[in-house]
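In: give me a model of this one.
(one chain, ligands or ions: 2)
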Amino acid sequence: MAETSSGRKCEHFDLKEYQFKTNMIPRLSVDDPETNRRISEGLPVIIIDSKLVASALHWDLEYLNENVGDGKFTVYKSSNTKFKYFDERKADDVKDFRKPMESLEIKFSEFVDLIKTVDPKKERVYLQQSLNDTVGKRIVLDFLQFNWNWVTEQQRRNKFGTLTSNLLLIGMEGNITPAHYDEQENFFAQVKGYKRFLLFAPDQFPCLYPYPTFHPCDRQSQVDFDDPDYERFPKFRDVKCLEAVVEPGDVLYIPMYWWHQVESVPNKGYSVSVTFWYKAAPNDKIEYPLKATQKVAMMRNIEKMIHQALNSADEVPEFMQNMVLGRYT
Ligand SMILES: O=C(O)C(=O)C[C@H](CCCc1ccccc1)C(=O)O
Ligand SMILES: [Zn+2]
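Out: Ligands and ions are numbered 1, 2, ... in the order given. Sure thing, here's the model as predicted:
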């Protein structure tokens, strides 16, 4: 175990190499003024000692299986490492759309059997379920002992909207959630195992080529990070990336509209995480020059309006190109 300058045990993680350069996301104490500054400015930061989920650090498969109750859990299955999210409701709008993964609604005990029996080379599973009132009382007690003082103070001071959900994530080592952005503020709490994050600021939108808003994979990048098609996505070469590995007890602040790719670090065992997703601040007053997040919101609204007005997905590309080719390009 080597030591870094900051004295942190720098483990040697088996991390995939990409063709873009990355800088590191700072790891700061909850008491460091820089921490609150970064959060207030919508910049990512890892808070190393928030104790946000200290009461859940013992959540392993055995304990959860004992106490999580017999409710149903959403579990995704993929034939490869990628778990690309898709919105089922938009699937019929786009012809020849093929689901990138399957979803099951099963009991936790069935998930435990799956994660212990599947051959990761053939099939992988990823539990992604909002914590709800079907969980057993020991899980409720652990949940009540989260550091709600700290996270609620963050919500207030940064004028976040309401807490919408706490998603429980349990994935196999090596599982990857491909690059996407969410429209909510997120305190991502790592409970067990290690996750490597690649983050890209909202102004990197031109380099990440998201699917159309009416596509099932809305908010996800079309670029295959393992084999980028630079003909279709030339700006991907210039993408600017921030990265970090979160370990148990760490909380990563993922500001709204920041792109992120998440990889459960290989050979470090399964991973358990809990998200704290907050609605955006009630629309903050418009100031010029517009922020990148506001421009992304504008582009989304315009795309949705054009799709709706044309009442067709097929006519959108020609309409968009007629509007800009030779006129703005
Ligand atoms: O916390 C976040 O925002 C993440 O992306 C964490 C990610 C799983 C998220 C799954 C998902 C993606 C899109 C919409 C709804 C749910 C991981 O940890 O693998
Ligand atoms: Zn996300």
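In: so which bits of the chain are right by ligand 1?
Out: Within the chain, the residues that sit near ligand 1 (CB under 6 Å from any ligand atom) are 85, 128, 169, 177, 180, 182, 186, 188, 254, 260, 262, 273, 275. Backbone N, C-alpha and C define where each C-beta goes, glycine included.
In: sort out for me which of those residues are in helices.
Out: Assignment to helices by DSSP state H places none of the residues of the chain next to ligand 1 there.
In: could I get those as CSV with neighbour count and pLDDT?
Out: Converted to CSV, those look like this (neighbours: other CB atoms under 10 Å; pLDDT from 0 to 100):
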residue, neighbour count, pLDDT
85, 17, 95
128, 19, 98
169, 21, 98
177, 23, 98
180, 19, 98
182, 17, 98
186, 21, 98
188, 24, 99
254, 22, 98
260, 22, 98
262, 24, 98
273, 24, 98
275, 21, 98
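In: poorly predicted segments of the protein, please.
Out: Within the chain, the stretches with pLDDT under 70 are 1-10, 284.
In: how is it divided into domains?
Out: 22-278, 292-324 (automatic domain parsing).
In: before we move on, the earlier item: nearest to residue 317, of the residues of the chain next to ligand 1?
Out: Using CB to CB, residue 180 is the member of the residues of the chain next to ligand 1 that lies nearest residue 317, at 21.8 Å.
In: show me the contacts for that closest one.
Out: Counting by CB atoms under 8 Å, 6 or more residues apart in numbering, residue 180 touches 85, 210, 219-221, 259-261.
In: please tell me how far it sits from residue 26.
Out: Look at residue 180 and residue 26: by CB to CB, to the nearest Å, they are 23 Å apart.
In: so residue 237 makes contact with residue 19?
Out: Yes. With contact defined as CB atoms under 8 Å, residue 237 reaches residue 19; the gap is 7.5 Å.
In: who touches both of the two?
Out: Going by CB under 8 Å, 6+ apart, residues that sit against residue 237 and also against residue 19 are residue 228.
In: who's the closest spatial neighbour of the residue of the stretch 201-329 of the chain found nearest ligand 1, skipping the chain neighbours?
Out: Relative to ligand 1, the nearest point of the stretch 201-329 of the chain is residue 262 (3.7 Å; CB to the nearest ligand atom). Excluding the flanking residues, the one nearest residue 262 by CB to CB, 6 or more residues apart in numbering is residue 177, at 4.3 Å.
In: where do the strands sit along the stretch 201-329 of the chain?
Out: Assigned by DSSP state E, counting those that start in this stretch, the strands in the stretch 201-329 of the chain fall at 241-246, 251-254, 259-264, 271-278.
In: the longest one - contacts with which helices or strands?
Out: Spelled out, it's strand 271-278. strand 163-165, strand 167-171, strand 185-192 (3 or more CB pairs under 8 Å, 6 or more residues apart in numbering; DSSP states H and E).
In: and with 10 Å instead?
Out: If contacts are counted by 3 or more CB pairs under 10 Å, 6 or more residues apart in numbering; DSSP states H and E, strand 271-278 sits against strand 124-130, helix 148-157, strand 163-165, strand 167-171, strand 185-192, strand 195-200, strand 251-254, strand 259-264.
In: the first one: how far from the chain's middle?
Out: It refers to strand 124-130. Mean-position distance between strand 124-130 and its chain equals 13 Å (CA atoms, centre = their mean, to the nearest Å).
In: give me the buried positions along that strand.
Out: 124-129 (16 or more other CB atoms under 10 Å).
In: re earlier: to residue 306, which of the strands of the stretch 201-329 of the chain lies closest?
Out: Nearest of the strands of the stretch 201-329 of the chain (CB to CB): strand 259-264, 23.2 Å.
In: start to end distance for stretch 226-246?
Out: Start and end residues of stretch 226-246 are separated by 22 Å (CA to CA, to the nearest Å).
In: now it: buried residues?
Out: If you call a residue buried by 16+ other CB under 10 Å, then stretch 226-246 has these buried ones: 228, 233, 236, 239, 241-246.
In: in contact with the residue in the stretch 1-150 of the chain that ligand 1 sits nearest to, which residues?
Out: Residue nearest to ligand 1 within the stretch 1-150 of the chain (CB to the nearest ligand atom): residue 85, separated by 3.9 Å. Contacts for residue 85 (CB atoms under 10 Å, 6 or more residues apart in numbering) come out as 76, 100-101, 128, 177-178, 180, 182, 216-220.
In: great, nothing more from me.
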